[in-house]
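Asks: sequence and predicted model, in that order:
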Amino acid sequence: MGKGRHSRPPKHPKLRRALLITAIGSVVALALALNLRVTKTQADPLVVPLVTTTTIPSNPFQDADVATFLASRTNNVTASVCDLRTGRIYNYNPYVPLPTASMVKIDILAALLHKNAKLGRSLTASDKATAALMVEHSDNEAANILFNELGGPTVLNAFNRSIGMTQTTSEWNWGATMTTPYDEIALLRTLLLPNQVLSDSDRRYVLRLMEHVVGYQRFGVGAGLPPEALVGLKNGWFPYSDGWGINSAGYVMLGNTEYLIAIQTGHNPNQQYGRDTVSTLSALIWRAEHRLASRPAD
């Protein structure tokens, strides 16, 4: 599994290629994203052999291994992938909002940094210690403190709308925030790509925390990757009346393979089934994206 390392500086050469699509500004970039293809696929079990084909689909959800795995799942699965080489976003089972659980914690931190920047102030040392607990250790009390400092759901909803998260609605019970993987990609783009919403230093700060999430919480996006891959992630998990919700969102970078990914699942029969779903799907998406990166970008 990929280990967290120090964030790359914002002027990453591969990211500049993606900025051919996004450099006009975050608002235009998000508008462009709304016109990208939305593809629904059906989708098998945890050790899946690689399938060698003469045609490598650009859409990772059309990859044979990915489609076979997803077809085997009995839970609700919705996912999005953004290929940073091209800026294209691909979706599986889109427009299905599910609760974020702790995945929302990077959203809370990003919104707080944005609010502080507008007020001309920075996080205090105490705030930074609390933020590290919230993101790296997924501490709920730390999230309560910073969510209250932010101003609660009204402020978070306004921030989310400003970055194009139109399918996300927060409430005071922050873990019950409803979102979609497509919206999580909008948040990840705001964190990864230079924009006018968050400064480069604020973006690097959040990414550094995501890259140092404690080891036992690095399932999902962090699973099945070479150890040298740069991985930042935030997961969420919670039980409810008829199953578990397990989510994972983050970014993966290694050589020419660079992408954002968000996966949400619901109605898992148990926690392990959900973790297996997000981890295996993430590993298969890595294989598909790595194969795709071996050919020139469209």
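Replies: Arrived safely, thanks for sending. If you're wondering where the values come from, they're calculated on a predicted model, not measured in any experiment.
Asks: just the strands in the chain please.
Replies: Ranges of strands within the chain are 76-83, 89-92, 98-99, 178-179, 230-240, 243-254, 257-268, based on DSSP state E.
Asks: now do the helices in the stretch 1-150 of the chain.
Replies: Counting by DSSP state H, counting those that start in this stretch, one finds helices in the stretch 1-150 of the chain at the ranges 13-22, 26-34, 64-70, 105-119, 125-136, 140-150.
Asks: what helices and strands are in contact with the last one?
Replies: Helices and strands touching helix 140-150, by 3 or more Cβ pairs under 8 Å, 6 or more residues apart in numbering; DSSP states H and E, are helix 105-119, helix 125-136. C-beta coordinates here come from the backbone N, C-alpha and C atoms, glycine included.
Asks: put the alpha carbons of the shortest one into PDB.
Replies: To tie it back to what came earlier, the one meant is helix 125-136. Extracted C-alpha coordinates of helix 125-136, given in PDB (Å, rounded to 0.1, in the frame of the first residue of the first chain):
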ATOM      1  CA  ALA A 125      -1.200  26.200  16.800                       C
ATOM      2  CA  SER A 126      -4.200  24.700  18.600                       C
ATOM      3  CA  ASP A 127      -6.200  24.600  15.400                       C
ATOM      4  CA  LYS A 128      -3.400  22.800  13.600                       C
ATOM      5  CA  ALA A 129      -3.100  20.200  16.300                       C
ATOM      6  CA  THR A 130      -6.800  19.700  16.200                       C
ATOM      7  CA  ALA A 131      -6.800  19.500  12.400                       C
ATOM      8  CA  ALA A 132      -4.100  16.800  12.500                       C
ATOM      9  CA  LEU A 133      -6.200  14.700  14.900                       C
ATOM     10  CA  MET A 134      -9.200  15.200  12.700                       C
ATOM     11  CA  VAL A 135      -7.600  14.200   9.400                       C
ATOM     12  CA  GLU A 136      -4.700  11.900  10.300                       C
END
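Asks: what comes up buried for it?
Replies: Judged by neighbour count using 16 or more other Cβ atoms under 10 Å, the buried positions of helix 125-136 are Asp127, Thr130, Ala131, Leu133, Met134, Val135, Glu136.
Asks: contacting residues for Ala110?
Replies: Phe159, Leu187, Thr190, Leu191, Leu198, Asp202, Val206 (Cβ atoms under 8 Å, 6 or more residues apart in numbering).
Asks: go with 10 Å
Replies: Contact criterion Cβ atoms under 10 Å, 6 or more residues apart in numbering gives 156, 159-160, 163, 187, 190-191, 197-198, 202-203, 205-206 as the residues in contact with Ala110.
Asks: which helix runs longest in the chain?
Replies: The helix spanning the most residues in the chain, taking DSSP state H as the definition, is helix 271-292.
Asks: between that one and strand 243-254, how many degrees?
Replies: Inter-element angle recorded for helix 271-292 and strand 243-254: 30 degrees (by axes from the mean of the first three to the mean of the last three Cα atoms, to 10 degrees).
Asks: ok, Asn75 touching Ile246?
Replies: Yes: the pair formed by Asn75 and Ile246 meets the contact definition of Cβ atoms under 10 Å, at 8.5 Å.
Asks: any residues in contact with both of those two?
Replies: With contacts defined as Cβ under 10 Å, 6+ apart, the residues shared by Asn75 and Ile246 are Thr265, Gly266, Asn268, Tyr273, Gly274, Asp276, Thr277.
Asks: ok, what's across the strand from Ile89?
Replies: Ile89 has these beta-bridge partners by DSSP bridges: Cys82.
Asks: count the residues that sit near it.
Replies: Around Ile89 there are 23 other residues, counting by other Cβ atoms under 10 Å.
Asks: which one among the shared contacts of Asn75 and Ile246 gets closest to Pro60?
Replies: Taking Cβ to Cβ as the measure, Pro60 sits nearest to Thr277 out of the shared contacts of Asn75 and Ile246, at 15.7 Å.
Asks: next, find the distance separating the closest one from Arg73.
Replies: In this structure, Thr277 and Arg73 are 6 Å apart, going by Cβ to Cβ, to the nearest Å.
Asks: tell me which of these two has more neighbours.
Replies: Shown here are Thr277 and Arg73; by other Cβ under 10 Å, Thr277 has more neighbours (26 against 20).
Asks: surely the more buried one touches Gly243?
Replies: No: no contact is recorded between Thr277 and Gly243 when judged using Cβ under 10 Å, the distance being 11.7 Å.
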